[in-house]
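Student: build me a model from this:
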Amino acid sequence: TVLTWRTFFTCMIAVFTMKLLLSVQANTMVDNGFMIFNMGEAANENYRYIELIPFFFIAVLGGLLGAAFTAFNLRVSKFRADKVNKKREYRVAEVIIIAVISSTFQFVLPFIASCHANTPESGTPTAVEDSLREATQQHYCPEGYYNPLASLIFNSNDHAIFNLLAVGDENATRVDFVSVLIFFLFYLTGAAYTAGSGISSGMFVPMIVIGSAYGRMVGLGLKGLGAQGDPGIYAIMGTAAFMAGVSRLTISLAVIIIEITNDLANLLPIMLVVMVSKITADYWIHPYFDKLIELKHIPYLEPLPVKEMKILMCKHIMARKVIYLTEKDTVGNILTILKNTNHNGFPVVPSKRDRVVKGIILRSQLLILLDRFSRIWVSKSDLVYSHQEYQTILQWKLPKLSDIMDQIFEEDFEREIDLVPYMNLTVFTVNEDFAVSEAYNIFRTMGLRHMPVVNAHNKLKGMITKKDLLEHNCVETYKKLKNLKKQHMPIPEEMDLESRPPSPTGSARPSRPPSPSERGELQRSVSSSGTFHIPHRINRSPIASPSPLRSSRHASEQ
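Tutor: The predicted structure is shown next:
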């Protein structure tokens, strides 16, 4: 497509420009990708197949840590929403408390670690010494020494990640096991609580730091046991595992890790780690960002419906007390409905007695109509809004309901407004026995906001909005109905899961064909004039006719 080629061309120009600038800086044409973290060169770029076992362990651990991080932060976010965010003073006080506690720990913890020498053990200065001095912190160590824990805590995130992801034999002992363990526990706890507070912070870099910390910790532990693996490679696997456990990204995450580290040789284990970590975390909890969307009550619909939706019918989840308008409704009734409700759409029916759905009208349309209702209700008037004028008004601020009510007198409340020319006649409706999973696909595919639910006679029975189709609402409804059934409590027919199976078309088919004796009675019931009469006995059959309650309801509706 045109957009694809434009994107490709833009990326090509960006790559050329970046490499040109880097080449000017290095006085030669560079070809090292866009490495954000230059980790050095590993002694052996090819991993051994036996290392897939610790990689698998890192992936499982990353999934568990990601699930625990998500669960802990959600509990903190719920507490913060209930107790802290309600007052601005509490939010400021929370930030101050976090800053004081974190600063105290950052100052005290480095005293636990021992000092390391800046120069290699051979005593011969190399290029590694310069990189060590740039990424390390002396703290209270003597001249020529550095504190490994202070190099992780007091450094910027870039230098901390460089210390954790550094590969090669000369960088294997850059930070020791105890320092990484203390830093990992401190950073994991702080990031899990701080995320979502009043502090301006993100999640991407903290996930890299936490993942690389525990990954390097595993690598240092194996190296202490005599293994030959590079701790920097294990740090890369830990980064991929923890990020996958929190965000559940797959292909894009593998590409990001490869691009920021320029470690293409480890593509296969990175993909393996990402998939195992994602599967492990999915078993325990939903993705972190999906849970935040749910916590903030944002009605986001996932690409596919859950399995509970295949069992539920629309009558189980719909809103039953529907507020509707008639085709010719009064100004007073419209004002009352807009004042007492916050709904954005209202079904339109011919009359209160005949509730056949004819269309739907939005709240914005009603506000515009009421703003100049005296010019709308006059038939065939030149003062009626044109489509262009209506679209122009929608682009600007809608009129306020309070201003409209001040301009309308009580004697105008009985005037009628014809809503037919302005309502949406192509509204999507579903039968009350329609499967929720199918309604979900239609709702999401067509980008709907309102879906009226009707019965077999196309009469309004309920309304489904995006919030009714949210996963946790449908799952809670399903569990509630199943619990009522287990407790042997009476379940209303319209809420019974087994009253009739959900059908994609919403129609209920008989479970068996009529018997030969029933066919004979049907044939004998045909009169000489050719009129077909259904015998009374067969009409009472539990298969061929609805229950008495359903029959009386249909009779009252008709």
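
Student: okay, buried residues for stretch 86-95 please.
Tutor: Arg91, Glu94 (16 or more other Cβ atoms under 10 Å). All C-beta atoms are positioned from the backbone trio N, CA, C, and that covers glycine.

Student: ok, stretch 263-276 next?
Tutor: Quick answer for stretch 263-276 (16+ other Cβ under 10 Å): Asp263, Asn266, Pro269, Ile270, Met271, Leu272, Val273, Val274, Val276.

Student: could you do stretch 247-264 as well?
Tutor: Ser247, Arg248, Leu249, Leu253, Ala254, Ile256, Ile257, Ile258, Ile260, Thr261, Asp263.

Student: next one: stretch 453-468
Tutor: Those would be Val453, Val454, Asn455, Leu460, Lys461, Gly462, Met463, Ile464, Thr465, Lys466, Asp468, for stretch 453-468 by 16+ other Cβ under 10 Å.

Student: pretty sure the fifth one sits in a helix.
Tutor: No. Secondary structure assignment places Lys461 outside any helix; it is strand (DSSP: H, G, I helix; E, B strand; the rest coil).

Student: mind pulling up the pLDDT for it?
Tutor: Model confidence at Lys461, given as pLDDT, is 94.

Student: hmm, back to that, which one of the buried residues of stretch 263-276 is nearest Asp354?
Tutor: Distance to Asp354, by Cβ to Cβ, is smallest for Val274 among the buried residues of stretch 263-276, at 58.2 Å.

Student: the closest one touches Ala254, doesn't it?
Tutor: Yes. Look at Val274 against Ala254 with Cβ atoms under 8 Å: they come within range, at 5.5 Å.

Student: any common contacting residues for the two?
Tutor: Common contacts of Val274 and Ala254 (Cβ atoms under 8 Å, 6 or more residues apart in numbering): Ala240.

Student: ok, back up a step: possible to save the buried residues of stretch 263-276 as CSV with secondary structure?
Tutor: Shown next, in CSV, are the buried residues of stretch 263-276 (three-state DSSP):
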residue, secondary structure
Asp263, coil
Asn266, helix
Pro269, helix
Ile270, helix
Met271, helix
Leu272, helix
Val273, helix
Val274, helix
Val276, helix
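
Student: quick one: which of those is nearest Leu367?
Tutor: Val274 (49.6 Å).

Student: show me what contacts the closest one?
Tutor: Val274 touches Ala59, Ala240, Ala241, Ala244, Leu249, Thr250, Leu253, Ala254, counting by Cβ under 8 Å, 6+ apart.

Student: pull the most distant pair out of those residues.
Tutor: It's Ala59 and Leu249 that sit farthest apart of those, by Cβ to Cβ, at 14.1 Å.

Student: confidence-wise, which of the buried residues of stretch 247-264 comes last?
Tutor: Scoring the buried residues of stretch 247-264 by pLDDT puts Asp263 last, at 72.

Student: distance check, Phe184 against Leu74.
Tutor: 21 Å (Cβ to Cβ, to the nearest Å).

Student: how close does the nearest residue to Glu471 once chain neighbours are set aside get to Ser201?
Tutor: Leaving aside its chain neighbours, Glu471 sits nearest to Val306 (5.4 Å; criterion: Cβ to Cβ, 6 or more residues apart in numbering). Taking Cβ to Cβ as the measure, Val306 and Ser201 are separated by 32 Å.

Student: with neighbour numbers in mind, choose between those two.
Tutor: Val306 (16 against 12; other Cβ atoms under 10 Å).

Student: need the phi and psi values for that one.
Tutor: Backbone torsions for Val306, taken as degrees, to the nearest 10, come to phi -80, psi 170.

Student: where does the residue nearest in space to the middle of the chain sit, in terms of helix or strand?
Tutor: The chain has Asp290 as the residue nearest its centroid, 3.2 Å off, counting by Cα atoms, centre = their mean. Asp290 belongs to helix 288-295 when assigned by DSSP states H and E.

Student: what sits up against the helix or strand following that helix?
Tutor: Toward the C-terminal end, the helix or strand that comes next after helix 288-295 (DSSP H and E) is helix 314-317. For helix 314-317, the external contacting residues (Cβ under 8 Å, 6+ apart) are 430-436, 439, 453, 461-462, 464, 468-469, 473-474, 477-478, 481, 494-495, 497, 506.

Student: repeat that for 6 Å
Tutor: Val430, Glu432, Phe434, Ala439, Val453, Asp468, Thr477, Glu494 (Cβ atoms under 6 Å, 6 or more residues apart in numbering).

Student: now the buried residues of stretch 263-276 as TSV including distance to Thr136?
Tutor: Shown next, in TSV, are the buried residues of stretch 263-276 (distance: Cβ to Cβ, whole Å):
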residue	distance to Thr136
Asp263	23
Asn266	26
Pro269	29
Ile270	28
Met271	33
Leu272	33
Val273	29
Val274	31
Val276	34
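
Student: if we can go back for a sec, ok, so of the contacts of Val274, who is nearest Lys400?
Tutor: Taking the contacts of Val274 together and measuring to Lys400 by Cβ to Cβ, the closest member is Leu249, at 43.6 Å.

Student: wait, a strand at the closest one?
Tutor: No. Under three-state DSSP, Leu249 falls outside any strand and is assigned coil.

Student: name the nearest residue to it, ignoring sequence neighbours.
Tutor: In space, Leu249 is closest to Met243, 6.9 Å off (Cβ to Cβ, 6+ apart).

Student: also Asn155?
Tutor: Among residues not flanking Asn155 along the chain, Gln137 sits closest, at 6.1 Å (Cβ to Cβ, 6+ apart).
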